[in-house]
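K.L.:
Here you go, sequence then predicted model.
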Amino acid sequence: MKNKVDVRTLLSVYEKVKTQGTPTENGARLEDITCTESQDGYYVNLADSHVSLDINFHNTYHFHTMNEDPDSVINQTTTEFHNNNEAQIEAFLQKLMDLNQRY
């Protein structure tokens, strides 16, 4: 999946949410995507209710999902856990791409 992620596009989405979204206490919200940035400007964040994405200063990124710890998920194999997280991330990325096209 790493090869499918274009950081420039993600930063474009971030800018659209920030400028065209509704201001919130910590950033902005456009549709169901929120954006925030760190105090020092080192990273920005895009998130929905299932996935959070940190984009760092050097164009590195890290996804967080609601259930990051496989040991905390009951009745799920490690493979199912990773497939579930991968599906959440893919859906989140699609949501960001759709938002990028609409705005």
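P.N.:
Ah, there it is.
K.L.:
what's the spacing between the worst-scoring helix or strand of the chain on mean pLDDT and its chain's center?
P.N.:
Every helix and strand of the chain was ranked by mean pLDDT, DSSP states H and E. The lowest is helix 78-102, at a mean of 84. Here helix 78-102 is found 9 Å from its chain centre; the criterion is Cα atoms, centre = their mean, to the nearest Å.
K.L.:
likewise stretch 95-103?
P.N.:
Relative to its chain's centre, stretch 95-103 lies at 13 Å (Cα atoms, centre = their mean).
K.L.:
what does it contact?
P.N.:
Here stretch 95-103 makes contact (Cβ atoms under 8 Å, 6 or more residues apart in numbering) with 9-10, 12-13, 16-17, 20, 30-33, 46, 48. Backbone N, C-alpha and C define where each C-beta goes, glycine included.
K.L.:
One more: stretch 28-46?
P.N.:
Residues from elsewhere that reach stretch 28-46 (Cβ under 8 Å, 6+ apart): 10-11, 13-14, 16-22, 24, 26-27, 47-49, 52-57, 95-96, 99, 103.
K.L.:
Just give me the neighbour total for N85.
P.N.:
Counted with other Cβ atoms under 10 Å, residues neighbouring N85 total 20.
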